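> sharing a model that was predicted from the sequence below.
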Amino acid sequence: MTDYVEKGDIYFFYRPKVNTQTVRSLDDVQRLHVVLVPDDADTARLFIVGKKRLPEITHGKPKSTAREWMMNDMTGKPRDVGEALAPLEYPTKTRGGQEQGEAIPVGEGRYAIFVRDNSSRLAYRLSKPDKPGKAQAELGILAEASYIISVRNPSLDVPGFPDFKPNYPKHLQEKFADKRWLDIDDGKLLDYENAQLLLIGAHDDLSEEQVSISGKAALFKTLELKEREWPTEALEGGTLTEPQMQPEAKAPEGDRSKGGERGGKAAIGTASAAGIAKALKGADFPCAKADLIKQAKANHAENEIIDVLNDFPSRQYETMADVQKAVGEIR
């Protein structure tokens, strides 16, 4: 009997490199994202996959090197995760204006996390595309697959894994004891930003796992994205494609702008998304929270903006997209 931890929708997105006009291979991809949306929960998790590719699985048997890390980049409402995948435009000190294209949807399906043979597993089955193509092949996304999955103990260093650490509450942290890796018996272990997972390729045929995965995913409806605005060539036909949406800075809900209206000149000097982007003009990414505050002060930003930056989580910010995400977190 299979002991299920959770089931839900799984979505795959790839984010092309900054200012990329054409995507031909993995070399043109900046990040691979996996989104997990558990059933009966009004939350979604956005993960980053190391090396931009899922672990390889050959003939249903894992290779000794078929392992990779995956890190929680954001947990929030499905709509907020959808917004985090949208395009952005931001300034940098050394490269001028940069465009970060939208993340391209490349797969949707259903997943299950379960315990089998004294290990926890993540398995998925795609519903789109009907047949994986080049886009999925480049990213290691199969029609169906399973992985042995475990959570890293944040109190122990693991070579090759990011330095970020999740802020687990005491009762979850105590689960690790002195173990380096922990099987997933509680989905809440995946909910915390910077939680890091180890994936080891297991099977490319779910009959080997004796696991039941049913239902149909609805990527655009769940993440509240307008399907007509997003490129769907990779999702529908497995064809690598590039961003096509127009980047813009959007003021998130709950904007603290004193200008009354969001956007426009009134927002530039306030703590709107546009105002913060202007205040950080010249920031040299990646950088720490303290560097963001220093840059904003150098640009003579309003005190309201400095106050917002002081509320930011203490972590490294890779791009302006990370900054915009942090704004949404604290509002």
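Right, received. Where do you want to start? Numbers count the residues shown, from 1 in each chain.

> what's around the closest residue in space to residue 299 that isn't next to it in sequence, how many residues?
Distances taken as CB to CB, 6 or more residues apart in numbering put residue 279 closest to residue 299, at 5.4 Å, once the chain neighbours are dropped. Backbone N, C-alpha and C define where each C-beta goes, glycine included. Neighbourhood size, residue 279 [other CB atoms under 10 Å]: 28.

> pretty sure residue 279 sits against residue 304.
No - counting by CB atoms under 8 Å, residue 279 does not reach residue 304; the two are 9.9 Å apart.

> report how many residues lie close to residue 204.
The local packing of residue 204 (other CB under 10 Å) involves 17 other residues.

> what about it, distance to residue 233?
Residue 204 sits 24 Å away from residue 233, going by CB to CB, to the nearest Å.

> list the buried residues in stretch 21-35.
For stretch 21-35, a neighbour-count test (16 or more other CB atoms under 10 Å) marks 23, 26, 28, 29, 30, 31, 32, 33, 34, 35 as buried.

> give the rounded mean pLDDT of that stretch.
Stretch 21-35 comes out with an average pLDDT of 93.

> alpha carbons of that stretch, as PDB, please.
Below are the C-alpha coordinates for stretch 21-35, written out as PDB (Å, rounded to 0.1, in the frame of the first residue of the first chain):
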ATOM      1  CA  GLN A  21      16.000  37.000 -28.400                       C
ATOM      2  CA  THR A  22      16.100  33.400 -29.600                       C
ATOM      3  CA  VAL A  23      16.100  30.200 -27.500                       C
ATOM      4  CA  ARG A  24      17.800  27.200 -29.300                       C
ATOM      5  CA  SER A  25      19.100  25.100 -26.500                       C
ATOM      6  CA  LEU A  26      19.800  24.800 -22.800                       C
ATOM      7  CA  ASP A  27      22.600  27.300 -23.300                       C
ATOM      8  CA  ASP A  28      20.000  30.000 -23.800                       C
ATOM      9  CA  VAL A  29      18.100  29.100 -20.600                       C
ATOM     10  CA  GLN A  30      18.800  30.900 -17.300                       C
ATOM     11  CA  ARG A  31      16.600  28.800 -15.000                       C
ATOM     12  CA  LEU A  32      14.200  25.800 -14.900                       C
ATOM     13  CA  HIS A  33      11.300  26.300 -12.500                       C
ATOM     14  CA  VAL A  34       9.000  23.700 -11.100                       C
ATOM     15  CA  VAL A  35       5.700  24.800  -9.600                       C
END
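
> show me what it is in contact with.
Under the criterion CB atoms under 8 Å, 6 or more residues apart in numbering, residues 9-18, 20, 44-49, 52-54, 70, 73, 81, 85, 103-104, 138-139, 223, 240-242 lie in contact with stretch 21-35.

> which of the buried residues of stretch 21-35 sit farthest apart?
Distance extremes for the buried residues of stretch 21-35: the farthest pair is 28 and 35 at 21.1 Å, using CB to CB.

> would you map the strands across the stretch 201-331 of the chain?
Using DSSP state E, counting those that start in this stretch, the strands of the stretch 201-331 of the chain run over 287-288, 316-317.

> can you tell me which of those is most buried?
With neighbours defined as mean count of other CB atoms under 10 Å, those peak in mean count at strand 316-317, which reaches a mean of 18.

> helices of the stretch 51-200 of the chain, residue ranges please.
Using DSSP state H, counting those that start in this stretch, the helices of the stretch 51-200 of the chain run over residues 78-84, 134-139, 170-176.
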